[in-house]
Each structure stands twice: as structure tokens, then as C-alpha cells.
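> Okay, sequence plus prediction incoming.
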Amino acid sequence: MQTRTVTLTGWGRVAPSTAELAEPGDPVGAAALLRAADPSRGLIPRGLGRSYNDAAQSGGGTVLSTARLNRILQLDPASGLVTCEAGVSLEQLMVAGLPHGWFVPVSPGTRQVTVGGAIAADVHGKNHHVAGSFARHVRSFDLLLPGGEPRTVTSEGDPALFWATAGGMGLTGLILRATVQLRRVATSRVLVETVRTADIDETMAVLAEHDREHGYTVAWSDSLARGASLGRSVVTSGDFAGLADLLEADRRDPFAFRPGARLGVPAGFPPGLINRYTVTLANRAYYRKAPRRRSRELQEIGTFFHPLDGIRNWNRVYGPGGFRQYQYVLPFGQEAAVRRSYELVAAARAPSFVTVLKRFGEGDPGLLSFPMPGWTLALDFPARTPGLAGLLGTLDRLVVEAGGRVYLAKDSRVPADVLAQMYPGLDDFRKARAELDPHGVLASDLSRRLGL
Ligand SMILES: Cc1cc2nc3c(=O)[nH]c(=O)nc-3n(C[C@H](O)[C@H](O)[C@H](O)COP(=O)(O)OP(=O)(O)OC[C@H]3O[C@@H](n4cnc5c(N)ncnc54)[C@H](O)[C@@H]3O)c2cc1C
């Protein structure tokens, strides 16, 4: 199989590394690559590279891209069961499913992720409080084990392998294809409630109330607001609209869906434009623009679920130094620690524009699955923010003390010993890996950094 030498990063554009990139077009080619992989160099699968960090890179080794394993094999319009290759994106599933009234069961903040990447990170969306994370909706997947042999895996038939792979960041094998249960929708529009909150207490109260009433909820926070305005936010919640909710003109095409980015960020975008001054202004403007309260606004899927997909390569706005995402979950009962984290970020004047707070429901049994019942906060900072390493170290300690964890699909810097305190399933994951992959064929920059 032909490979080419490439330098890769995750979406945050930090920590580039150079590897041989292989793009097999069928399972036979993929299995041959796994069998031929050199354990001293390592091999890791890669989807669309939307993890923010070094999870889908393997410096000095091989990166197996699923770009050509991207066919939808079967979609049953009656049951909404779809079987597809692992490189199929969630956008492809939307384009294929919506005309029959089917939407993806869980969508992260971008639809440019593959089914393989969604299982490997066990991704969550705005409906986690009712629907859980992605793996819960996966009926089965075909996995190529590190030695190249195929295995069909279900959560009933082989729970250990299923739940090591869901959230296992590509380290148990290559997912070749999966069967996923889509969710029924009556239209492609969302009826949205917006509430602008004055402070962190009101933000948490509104999120809790909206979780009881709506299938999708999330809060965007002004991370730099302080004092009485600490944690002020715009909470947006929604549910798929019924046919009768649509405007007369839209009822003729109730499942209309127009993917595609409208704007692009040029390659030479000047660095330094995202800083504490510009983000203070942008946060303030975004907050003030939101209505105090608005009900039953009809939004398209892209506007509600994937606003950042509207700007191609938006990650370039942070300049060549890239940016660091930080996402934690803290168990319910740790509201004081959530408040403290907002205080720490605001006091450090660390500029995060995409600051998102949400409540998780029950977690999956995935050994390294991120969600657990509690509060999850995602932040992103330009990597060159002064004092960032100290701030994130302080947040790590707060997270460990509160019994929480950080998200492996986003982390680019947590120390290995700190991670071990966050994930009680880590030892079992390492044992499973030792059995499945005794020669250590599968390895990423992430797994080496954290000893996964
Ligand atoms: C704008 C934006 C918003 C996001 N919002 C959310 C969110 O709301 N919720 C959330 O959970 N995540 C979110 N993410 C993160 C993203 O959903 C995950 O990182 C996801 O795993 C990316 O999928 P990918 O196909 O790009 O995989 P990659 O980034 O290419 O790889 C991610 C991991 O999956 C493994 N992998 C990929 N394909 C396979 C395969 N076929 N077999 C085995 N392992 C495989 C890789 O080895 C790697 O460890 C967001 C990312 C962006 C850029």
C-alpha cells in the first residue's frame, strides 16, 4: 500500500508530528496495513481530524485514514438503522437520513466527524441529558484487531471489547463499519428557546429547568465577565419542530437541509487577533445581542447544532500557534467548584470565546468514556495566552478534587499522573490493551504522552 509522508495536527493545531499516511479503500487493504505495522513505530486510525489534540497522530509511525472508507452500505427508511463504513461523516448521515425523517442520534458541535471518530471518542451532544453519548446508539461495529483479524462487536455479545473501544481513542483496533440507530424527526427545523441569564447561579438554574423541558440544551458563557456578572450566559434549548410549526412555505420541503460552509478563513490570517481585549469585546457584544427571552424561534440544523461549521477552517483565526481546548465534567453537587472555575478563568483574563456549559445525564460504561452525570464546561484559549499553563494546572487540581475528569478528545497537556486520578477505568483499559495488542502496534502521540 502506498503511503505519503505528512505532518499532522488535530483541530487545535498544536503539537504537529510527521507520519506515513495510508488511505486504504477497502477492509483487505486496511487489514494488510495492520499486519505490516511496525510496533516500534506504531499505527493509529484517523477520521476527519476534528479531535483538538494529538489523538489521531502517530509521529514516526503510520496514520491510517478512513477517508476512502466512506460508503453508506444500507439505510432502512422504516427502522432508521444505518450501516456504514467508519469514514462516513455525520453530515453524510444527515444528507442520507433526513429525506426519510431520520437524524443522527447524537451530534457534537460539528457534523464534520466520522462515525469511527464518534465511537472512538464516544462523543456527546446537546441532548446528552436524555440520549447519552454516541455509543449508546451503536448496535454493532466491525473491528479489525491490532493483528488484523476482524471481529463483529455488540454490547451484549462482547461488552468488554465494546466498552473498551467506545471512548478508547482508536487504541483497540480499527473500526471498519458500524450499524447505528438514527432518531426520528418530523422536520429538519428546531424550535428554539433563548434565555439570557445575569450570572452563574441563574445560568445553572435555567439549564436545570430547560433540561426537564427540552431535548437539547446548552449555555454559551461570557467567560471574562466578573463580579455580579460572573457566568452570565445565553442559554439556548430546543426540540425538533413538528410539521404544523413550520411556515406555510417550508411545509412543502419539511426536511430541507443545506450543508456547506459559507465563509472561509484565509491561510495567512494574522496571528494575535484573538486576545483578551478582542474577546472581551466579542463576548460582550454576543451577550448583549441575545434577547432576554425568546420562544419558539425556528432554526435550521446548522444554526442550532453546528454554528462553527458555517466558517470553513475557523480554527485558523487563532494564528499559527493554534489553540487549546479544555473540557471538564464535575459531578452534580460540585456547583461551588463550577463557580470557582469561572472565577479562575475570569481572574486570569484568559480569553475564551467558545465557552460552553451543559449538564450531562447518565454516562456510558466505556472505560475511558468522558461523560458522567454533572456539569461539563468547554473552553478554548489561544495556545500562546500568557499564564495559560498555570491556569490549566489549577483547573486540573480543582477537577480532581471535585471528582471530575477532562475529555481525552480535547486534552493536549494534562499530566499522565493527573489523568490517572480522573479515570477509574484506566487500569482496566490498560489491561485490555495489553491482551488485545501485546506488541503495542496501536499507538498515537496521545497514548504515548499519557501512557494509555
Ligand atoms: C467545532 C468542534 C466541536 C466539537 N464539539 C464536540 C461536542 O460537542 N461533543 C463531543 O463529544 N466532541 C466534540 N468535538 C470533538 C469531536 O467530536 C471528536 O474529537 C471526534 O472524535 C472527532 O471525530 P473525527 O472523525 O474527526 O476523528 P479524529 O479526530 O480523526 O480521531 C479521533 C479519535 O478517534 C480515533 N478514530 C477515528 N476513526 C477511527 C476508526 N475508524 N476506528 C478506530 N478509531 C478511530 C482516532 O484514532 C482518534 O483517537 C468537537 C470538535 C470540533 C472541531
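On my side now, so go ahead.

> who's in contact with residue 1?
22, 24, 29, 32-33 (CB atoms under 8 Å, 6 or more residues apart in numbering). Any C-beta I mention is one placed from the backbone N, CA and C, and that applies to glycine too.

> So which other helices or strands are in contact with the one helix or strand in the chain whose mean pLDDT sits lowest?
Across the helices and strands of the chain, mean pLDDT, DSSP states H and E gives its lowest value to strand 263-264, namely a mean of 72. Judged by 3 or more CB pairs under 8 Å, 6 or more residues apart in numbering; DSSP states H and E, strand 263-264 is in contact with strand 311-312.

> quick one on the thing from earlier: now tabulate the contacts of residue 1 in CSV and tack on pLDDT.
Output for the contacts of residue 1, formatted as CSV (pLDDT from 0 to 100):
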residue, pLDDT
22, 98
24, 98
29, 97
32, 97
33, 97
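
> Can you name the residues of the stretch 351-452 of the chain sitting close to the ligand?
409, 444 (CB under 6 Å from any ligand atom).

> for the stretch 351-452 of the chain, what spans make up the strands?
Secondary structure of the stretch 351-452 of the chain (DSSP state E, counting those that start in this stretch): strands at 356-360, 374-382, 405-406.

> Distance-wise, check residue 147 relative to the ligand.
15 Å (CB to the nearest ligand atom, to the nearest Å).

> Quick check: which element contains that residue?
Using DSSP states H and E, residue 147 maps to neither a helix nor a strand.

> Quick check: it vs residue 315, distance?
36 Å (CB to CB, to the nearest Å).

> ok, residue 433 touching residue 171?
Yes - the pair residue 433 / residue 171 is scored as a contact, 6.0 Å apart, by CB atoms under 8 Å.

> Compare the two and say which is more crowded by neighbours.
More neighbours surround residue 171 than the other of residue 433 and residue 171, with 26 against 20 (other CB atoms under 10 Å).

> ok, for the more buried one, nearest residue in space, not its chain neighbours?
Of all residues not flanking residue 171 in the chain, residue 442 sits nearest, at 5.1 Å (CB to CB, 6 or more residues apart in numbering).

> Distance-wise, check residue 70 relative to residue 23.
10 Å.

> residues shared between the contacts of residue 433 and residue 171?
What both residue 433 and residue 171 touch, as defined by CB under 8 Å, 6+ apart, is the set 442, 452.

> before we move on, the earlier item: with neighbour numbers in mind, choose between residue 147 and residue 315.
Higher neighbour count among residue 147 and residue 315: residue 315, with 19 against 15, using other CB under 10 Å.

> mind checking the SS state of that one?
The three-state assignment at residue 315 reads helix, by DSSP: H, G, I helix; E, B strand; the rest coil.

> With adjacent residues omitted, what lies nearest to it?
residue 11 (5.4 Å).

> what's the answer for residue 187, then?
residue 254 (4.2 Å).

> what sits against residue 356?
109, 218-221, 377-378.

> so it bridges to which residues?
Note on residue 356: beta-bridge partners by DSSP bridges are residue 220, residue 378.

> per-residue pLDDT, it?
Note for residue 356: predicted pLDDT of 98.

> Report the separation between it and residue 170.
In terms of CB to CB, residue 356 sits 25 Å off from residue 170.

> check contacts around the residue nearest to residue 114 when sequence neighbours are not counted.
Distances taken as CB to CB, 6+ apart put residue 47 closest to residue 114, at 3.3 Å, once the chain neighbours are dropped. Contact analysis of residue 47 by CB under 8 Å, 6+ apart lists 56, 65-66, 86-87, 113-114, 116-117, 120.

> redo that, cut-off 7 Å
Shown in contact with residue 47 (CB atoms under 7 Å, 6 or more residues apart in numbering): 56, 66, 87, 113-114, 116-117.

> before we move on, the earlier item: and the residue nearest to residue 315, that's in a strand?
No - per three-state DSSP, residue 11 lies outside any strand segment and is coil.

> Now it, what are its backbone angles?
Main-chain dihedrals, residue 11, degrees, to the nearest 10: phi -60, psi -30.

> what's the neighbour count on it?
Residue 11, neighbours per other CB under 10 Å, totals 23.

> can you offset everything so residue one is 22?
With the count now opening at 22, the last piece we talked about shows up as residue 32.

> how close does it sit to the ligand?
For residue 32, the distance to the ligand - CB to the nearest ligand atom - is 4 Å.

> Test for you: state the pLDDT assigned to that residue.
Reported pLDDT for residue 32: 96.

> thought it was touching residue 75?
No - applying CB atoms under 7 Å, one finds residue 32 not in contact with residue 75, separated by 11.1 Å.

> Might you report the residue contacts of residue 417?
Residue 417 neighbours (CB under 7 Å, 6+ apart): 435, 439.

> for residue 365, same thing?
412, 415-416.

> which residue packs closest to residue 430, ignoring adjacent ones?
The shortest distance from residue 430 to any non-neighbouring residue, by CB to CB, 6+ apart, is to residue 142 (4.0 Å).

> which SS class is the residue nearest to residue 328 when sequence neighbours are not counted?
Among residues not flanking residue 328 along the chain, residue 130 sits closest, at 8.0 Å (CB to CB, 6+ apart). The three-state assignment at residue 130 reads coil, by three-state DSSP.

> Let me know the pLDDT of residue 130.
97.

> beta partners for the closest residue to residue 339 other than its chain neighbours?
If the residues on either side of it in the chain are set aside, residue 339 comes closest to residue 403, at 5.0 Å by CB to CB, 6+ apart. With DSSP bridges applied, the residues forming beta bridges to residue 403 are residue 344.

> Test my guess that residue 403 contacts residue 346.
No - taking contacts as CB under 7 Å, residue 403 lies outside contact range of residue 346: 11.4 Å.

> Can you give me the distance of the most far-flung residue of the chain relative to its centre to residue 194?
Distance from the centre of the chain peaks at residue 269, with 35.5 Å (CA atoms, centre = their mean). Between residue 269 and residue 194 the distance is 51 Å, computed by CB to CB.

> Can you name the residue of the stretch 222-371 of the chain nearest to the ligand?
residue 329 (4.6 Å; CB to the nearest ligand atom).

> How many neighbouring residues does the closest residue to that residue other than its chain neighbours have?
In this structure, residue 329 finds its nearest non-sequential neighbour in residue 335, 5.4 Å apart by CB to CB, 6+ apart. When neighbours are counted by other CB under 10 Å, residue 335 registers 19.

> Residue 35 is in contact with residue 78, correct?
No - assessed by CB under 7 Å, residue 78 is found out of contact with residue 35, at 10.9 Å.

> which bits of the protein sit near the ligand?
So the chain meets the ligand at 32, 65-72, 76-77, 87, 107, 129-131, 134-135, 137-138, 141-142, 144-146, 190-191, 195-196, 329, 430, 465 (CB under 6 Å from any ligand atom).

> Let's see that with 5 Å instead.
For the chain, the contact set with the ligand under CB under 5 Å from any ligand atom comprises 32, 65-72, 76-77, 87, 107, 129-131, 134-135, 137-138, 141-142, 144-145, 190-191, 195-196, 329, 430.
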